[in-house]
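*Asks:* The following comprises the amino acid sequence and a computationally predicted model.
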Amino acid sequence: MEENKKLAQLLFDNIDKTPEYYEELFPKRDLKEGAKVCRFSPSPTGFLHFGNLFTCFVSYSLAKSSNGVFYVRVEDTDQKRSVEGAIEVMLKGLSVYGIVPDEGVIGDREEKGSYGPYYQSDRKEIYQTFAKSLVEQGLAYPCFMTPEELEECRASQENESIKGIWGQYAKCREMSFDKIKERIDNGDSWTLRLKSPGTLDGKCYFDDMIKGKIEMPENVQDIVLLKSDGIPTYHFAHAIDDHLMRTTHVVRGDEWISSAPIHLQLFKVLGFRAPKYVHVAPIMKEENGGKRKLSKRKDPEAAVTYYIEQGYPSESVNEYMMTLANSNFEDWRRMNKDEALSKFPFNVKKMSVSGALFDIAKLSDVSKNVVSKMNAQKVFDLSYEWAKEYDNELASLYEKDTERTKAILNIDRENKKPRKDIAKWSDIKDYISYMFDETFEPCFELSGNANAALAVDVLKKYKDVVNLSDDKDTWFSRIKDLCAEVGCTPNVKEYKADPEAFRGHVGDVSTIIRVALTGRVNTPDLFSITALLGEEIVQKRIDMAIKHYEEVK
């Protein structure tokens, strides 16, 4: 024991604090019973993948649904991979979806909270304090194996089931203090390794909150705790950080399950209580009759920026993520149509064990429903902000007459059965293009019983009777009255009873007018469109349509 203390002092003569100092500095959080402390711990690489966002969304939902704490910790110990400004990009990406940390890193080198520093690169002394303690207890040792020796070891383990430094391969494990001192005095480089207490027949057990009970062989490798520059490995740093930041639940991708024996062993040798693990299955995508992981190389929708650029409202993406996260959410939403998403009783035990299936069509359906419930002012505000950055032409159309634009967006909105045409803000320009001469594209294709000859007769009569000061009932009465003058019936049932007696019905007459004014057979309320187009445009478009149909009839 005395020799271990000598060794610890030799290796860490600059460390004068103890683990007990940090235990007092970062006490157990004063939270209500059942409150969960969760985190998002990105590396500063700059790319926010949809899978990262989803896992973060789960972590955030778990914390907030329990009145707990959600924090951000930056794992930047690998400085070679760091991208300048990456954290700012990630935090901005999260904030778009309402994921704002209660504490931790809140900006580029900006932090708040009592459990920091929240950048791992600023916590070197903390890690070395715990490393020194492990050496004092005989649970860690310096390893002087060179890159060549490590490569030689790897080559000799080609047929071994367990690879790495363990057993006979741990050449420095039992090195004497005098030999270690000689190597250090000689300037030899060293890493600090865990003296693993694991055995070949030992088992590691843990209860994952999604996967259930998991049994794995326990770790026997003497893993590296500190690299030769004194910077910790991910495994060592995260165990110390999760303990001192009092993390209760670690939400992460299920690719980390294979590392669980190492992590649980580290918590045990450090004397910490392990957090609960929530291993989230990857987001899957259907392809050629099978399934594969959503790929940032193959799928544009893998990047979180895709949803921002396309103009999906954050509410829609969050609503969709909850359909992926909890199997009972859609039933809850049907019963609670107007409740805020935050009211949903999120439960990780309702998450898919094998991985949720990403479906862009489903996202669009969810989003159409979300957008349909927004009032015109909100649709205008959100889409205008988006257009100013991503569609200058749409922004210019808005700016011509903002009140008219809001009225256009309000057609068939704010009623019991609003239309569901808009899934994302990039849909809007096409959706309202016929309301502006700059973007109107005439199309004279008809449907139903309508044909060019009937269209000429209808439009010539309508041109003379249309009156933009009419109310909706009067306007529609004029169209019904017009039917008889052109050989149609205002009664669809009457037409169906004797189709040979009529050229068409009121629906066909309305379609002719709709196509002339909008170039489409399907639009929102035609009366509202007519009123907002104005007398001059209505007459101009009717004349254009009459000319076309006269040429083709």
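*Replies:* Cool, the structure landed. Numbers count the residues shown, from 1 in each chain.

*Asks:* Which parts of the stretch 301-450 of the chain are helices?
*Replies:* Here the stretch 301-450 of the chain has its helices, by DSSP state H, counting those that start in this stretch, at 304-310, 314-325, 329-335, 360-372, 376-390, 392-400, 402-409, 428-432.

*Asks:* which residues are in contact with the third one?
*Replies:* The contact list for helix 329-335, computed with Cβ atoms under 8 Å, 6 or more residues apart in numbering, reads Glu319, Met322, Thr323, Phe344, Pro345. (Glycine included, C-beta is placed from N, CA and C.)

*Asks:* Give me the buried entries from these.
*Replies:* By neighbour count, with 16 or more other Cβ atoms under 10 Å, the contacts of helix 329-335 hold Glu319, Met322, Thr323, Phe344 as buried.

*Asks:* Can you pick out the most distant pair from the residues you listed?
*Replies:* The span of the buried ones among the contacts of helix 329-335, defined through Cβ to Cβ, is set by Thr323 and Phe344 at 10.7 Å.

*Asks:* that older thread, to Lys416, which of the helices of the stretch 301-450 of the chain lies closest?
*Replies:* helix 360-372 (11.2 Å).

*Asks:* What residues of the closest one count as buried?
*Replies:* Neighbour-count burial for helix 360-372 flags Ile360, Leu363, Ser364, Asp365, Val366, Ser367, Lys368, Asn369, Val370, Val371, Ser372 (criterion: 16+ other Cβ under 10 Å).

*Asks:* Please save the CA atoms from the longest helix belonging to the chain in CSV.
*Replies:* Identified as the longest helix of the chain according to DSSP state H is helix 535-552. Included here for helix 535-552 are C-alpha records, laid out as CSV according to Å, rounded to 0.1, in the frame of the first residue of the first chain:
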residue,chain,number,x,y,z
GLU,A,535,-61.7,42.8,-60.0
GLU,A,536,-58.9,43.6,-62.4
ILE,A,537,-57.1,40.2,-62.1
VAL,A,538,-60.3,38.2,-62.2
GLN,A,539,-61.5,39.9,-65.4
LYS,A,540,-58.0,39.5,-67.0
ARG,A,541,-57.8,35.8,-66.2
ILE,A,542,-61.3,35.1,-67.4
ASP,A,543,-60.5,36.8,-70.7
MET,A,544,-57.3,34.8,-71.1
ALA,A,545,-59.2,31.6,-70.5
ILE,A,546,-62.0,32.4,-72.9
LYS,A,547,-59.4,33.1,-75.6
HIS,A,548,-57.7,29.8,-75.0
TYR,A,549,-60.9,27.7,-75.0
GLU,A,550,-62.2,29.4,-78.1
GLU,A,551,-59.0,28.5,-79.9
VAL,A,552,-59.3,24.8,-78.9
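
*Asks:* OK, contacts around Asp102?
*Replies:* Applying Cβ under 8 Å, 6+ apart to Asp102 gives the contacts Ala63, Val69, Phe70, Tyr71, Gly113.

*Asks:* Wait, the last one touches Val105, no?
*Replies:* No. With contacts defined as Cβ atoms under 8 Å, Gly113 does not count as touching Val105, sitting 9.3 Å away.

*Asks:* more crowded one of the two?
*Replies:* Applying other Cβ atoms under 10 Å to Gly113 and Val105 shows that Val105 carries more neighbours, namely 28 against 17.

*Asks:* Where does the more buried one sit: helix, strand or coil?
*Replies:* State at Val105, reduced to three classes by DSSP: H, G, I helix; E, B strand; the rest coil: strand.

*Asks:* Next one: it relative to Ala155, how far apart?
*Replies:* With distances taken as Cβ to Cβ, to the nearest Å, Val105 is found 41 Å from Ala155.

*Asks:* What ranges does the stretch 401-550 of the chain have for its strands?
*Replies:* Here the stretch 401-550 of the chain has its strands, by DSSP state E, counting those that start in this stretch, at 488-489, 504-505.

*Asks:* Adjacent strands (with direction) for the first one?
*Replies:* Read that as strand 488-489. With DSSP bridges as the test, strand 488-489 is paired with strand 504-505 (parallel).

*Asks:* Start and end of stretch 158-166, how far apart?
*Replies:* Its start and end residues considered, stretch 158-166 measures 15 Å (Cα to Cα, to the nearest Å).

*Asks:* So, low pLDDT: which residues of the protein?
*Replies:* Scanning the chain for pLDDT under 70 picks out 46.

*Asks:* quick revisit: quick one: list the elements packing against the longest helix of the chain.
*Replies:* Judged by 3 or more Cβ pairs under 8 Å, 6 or more residues apart in numbering; DSSP states H and E, helix 535-552 is in contact with helix 452-465, helix 506-518.

*Asks:* Need the winner for burial among those.
*Replies:* helix 506-518 (a mean of 23; mean count of other Cβ atoms under 10 Å).

*Asks:* Phe12: neighbour count?
*Replies:* Other residues within reach of Phe12, judged by other Cβ under 10 Å, total 20.

*Asks:* Specify the local secondary structure of the nearest residue to it once chain neighbours are set aside.
*Replies:* Among residues not flanking Phe12 along the chain, Lys132 sits closest, at 4.1 Å (Cβ to Cβ, 6 or more residues apart in numbering). Assigned by three-state DSSP, the conformation of Lys132 is helix.

*Asks:* Hmm, Lys132 is touching Leu11, no?
*Replies:* Yes. Counting by Cβ under 8 Å, Leu11 is a contact partner of Lys132 at 7.1 Å.
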